[in-house]
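Chemist: Sequence and predicted structure are below.
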Amino acid sequence: MSFSDLFDSGFKKRNEGHFASIVRVAMDDGIITDDEKAFLDRLANNLNISEADYKSILKDYKKHPINPPIEYDLRLERLYDLVRMVHVDQIKGDPEHKLLNKIGVGLGFHAVNVKYIVDKALTLVNNGVDLDTFVDQIKNMNK
């Protein structure tokens, strides 16, 4: 096995773990809405999750713990990617906020602050900021 095979395998596992965490968050209330399903479909495609792995994760989502990144910057990067995906999917209004609040908590943001963080994240993404600006603005919200 070559070094690139190890990297590809690790990258694939990390993507599967990230996807499984989002599925678990989506299933927190016991159902996946049509908006959540459309989002999961697009997320699986973006993360190169195979159809077989997708079905397996949906079937046994409880076997996959939610493992948010430990580093705050990595959480913000994931939040940025996910907010952009939801924004591109044009999920608007209450479904958008519910989905992103659930994902935010799943990523490790405190439930008390998640609405505020998601609102700011949506505003920044709607304004078309890049990742660096997004991270700086979220970090500096409380200063």
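Modeler: Great, that's in hand.

Chemist: per-domain residue ranges of the chain.
Modeler: 1-67, 69-143 (automatic domain parsing).

Chemist: Now those in JSON lines, please, with extra columns for mean pLDDT.
Modeler: Listed next are the domains of the chain as JSON lines, based on pLDDT from 0 to 100:
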{"stretch": "domain 1-67", "mean pLDDT": "76"}
{"stretch": "domain 69-143", "mean pLDDT": "84"}
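
Chemist: Name the nearest residue to residue 73, ignoring sequence neighbours.
Modeler: Spatial nearest neighbour of residue 73, excluding adjacent residues (C-beta to C-beta, 6 or more residues apart in numbering): residue 135 at 6.2 Å. Where C-beta positions appear, they are placed from N, C-alpha and C, glycine not excepted.

Chemist: Can you give the contact residues for the helix or strand harbouring residue 86?
Modeler: Residue 86 is part of helix 72-88, with elements assigned from DSSP states H and E. Outside of helix 72-88, the residues within contact range by C-beta atoms under 8 Å, 6 or more residues apart in numbering are 18, 22, 39, 42-43, 46, 68-69, 96, 99-100, 103-104, 107-109, 117-118, 121-122, 125-126, 131, 134-135, 138-139.
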